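A.B. asks: build me a model:
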Amino acid sequence: MNTLLKYIGVFVVLVGVAILAVPYLMNGSTSNTLIATGMTVALIGYFGHIIINKKLAD
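C.D. replies: Numbering: from 1, shown residues only. I've put the predicted structure just below:
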């Protein structure tokens, strides 16, 4: 269980990147809301990864 929990932040970052990349690759319109959502999800995953790994190291 700790192994899966250790990488949950990375998966969330990848979801954020997918939110940013899919509309761009499909030549769709990228609105500011979509960009802000993707970056927010990616940042939550980034900081979540750091916090979770610090908690598991203790």
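
A.B. asks: switch to C-alpha atoms for all contacts and neighbour counts from now on
C.D. replies: OK.

A.B. asks: ok, Asn2 - contacts?
C.D. replies: With contacts taken as Cα atoms under 8 Å, 6 or more residues apart in numbering, Asn2 has the following neighbours: Leu56.

A.B. asks: middle-most residue in this structure, spatially?
C.D. replies: Taking Cα atoms, centre = their mean, the centroid of the chain lies closest to Val13, which sits 2.0 Å from it.

A.B. asks: ok, that residue touching Ala42?
C.D. replies: Yes - counting by Cα atoms under 8 Å, Val13 does reach Ala42; the two are 4.2 Å apart.

A.B. asks: I'd like the distance between Asp58 and Ile51.
C.D. replies: 11 Å (Cα to Cα, to the nearest Å).

A.B. asks: those two: which is more packed in?
C.D. replies: For Asp58 versus Ile51, neighbours defined as other Cα atoms under 10 Å are more numerous around Ile51 (12 against 5).

A.B. asks: what residues of whatever helix or strand the more buried one lives in count as buried?
C.D. replies: Assigning secondary structure by DSSP states H and E places Ile51 in helix 32-57. Within helix 32-57, the residues that count as buried by 16 or more other Cα atoms under 10 Å are 35, 38-39, 41-46, 48-49, 52-53.

A.B. asks: show me which of those residues is closest to Leu5.
C.D. replies: Comparing the buried residues of helix 32-57 against Leu5 with Cα to Cα places Ile52 closest, at 7.6 Å.

A.B. asks: per-residue pLDDT, Thr30?
C.D. replies: Reported pLDDT at Thr30 in the predicted model: 76.

A.B. asks: going forward, begin numbering at 26 instead of 1
C.D. replies: All right, first residue 26 from here; so that's Thr55.
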